[in-house]
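**Q** Build me a model:
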Amino acid sequence: MVDKSFMTSFGVLERSEGPEETSVWSIRIVVDNRFFDGEIPLYILTKAEKPSVNMLRLAEAILGNMESYLETGISFLKRTLTEQAIDFKISDREREYLAREIEEFPVDLPEVILYDDQEEWVLRFAEGLFSICDPYGININFSSDMPISVDNLEDSEEI
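**A** Below is the predicted model of the structure:
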């Protein structure tokens with residue numbers, strides 16, 4: 001029998017079924033910082049019975065430094081959208097958003113997604129004022145603690 005929850009150093013993870021025989025372990029962490037005030041969900045996707053010790057350490061590190069990761073991610077997103085405005089189809093109206101300070105950058109509802117024993121993980125903003133954020137948000141991909149790319153999710157399919 002597979003456990004439905006277990007205690008970690010950062011709270012109780014709850015298990016649900018994901019796609020392709022994957023378990024999704026999740027927790028919601030309440031934060032109050034200069035980038036976001038509210039609950040941030042963290043998801044760990046794994047084919048194993050439970051997340052590995054390495055995955056739990058990575059989750060703990062991210063959650064323990066959430067404000068710093070939000071700052072790093074939003075700064076990277078702002079720079080990427082500015083430098084690649086044509087590739088990301090940034091409209092003239094949306095170019096005004098790129099001038100905003102990172103604390104006011106128009107993305108919202110962050111969530112963290114970790115994958116089966118990988119150093120790469122995702123900081124996803126489920127909402128934003130940019131047209132590319134509709135309907136699934138936008139991803140900032142990290143390798144360990146460094147952002148490495150931005151994914152436009154507008155043409156993605158719902159899982």
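**Q** tell me the mean pLDDT over the helix or strand harbouring residue 75?
**A** For residue 75, the host element (DSSP states H and E) is helix 66-83. On average, the pLDDT along helix 66-83 is 97.
**Q** How many neighbouring residues does the residue nearest to residue 46 when sequence neighbours are not counted have?
**A** If the residues on either side of it in the chain are set aside, residue 46 comes closest to residue 116, at 4.5 Å by C-beta to C-beta, 6 or more residues apart in numbering. For glycine as for every other residue, the C-beta is placed from the backbone atoms N, C-alpha and C. Using other C-beta atoms under 10 Å, residue 116 has 14 neighbouring residues.
**Q** Could you do residue 69 as well?
**A** Residue 69, neighbours per other C-beta under 10 Å, totals 22.
**Q** Enumerate every residue touching the residue positioned nearest the centre of the chain.
**A** By C-alpha atoms, centre = their mean, the chain has its centre lying nearest to residue 123, at 2.0 Å. Shown in contact with residue 123 (C-beta atoms under 8 Å, 6 or more residues apart in numbering): 69, 70, 73, 110, 111, 112, 139, 140, 142, 147.
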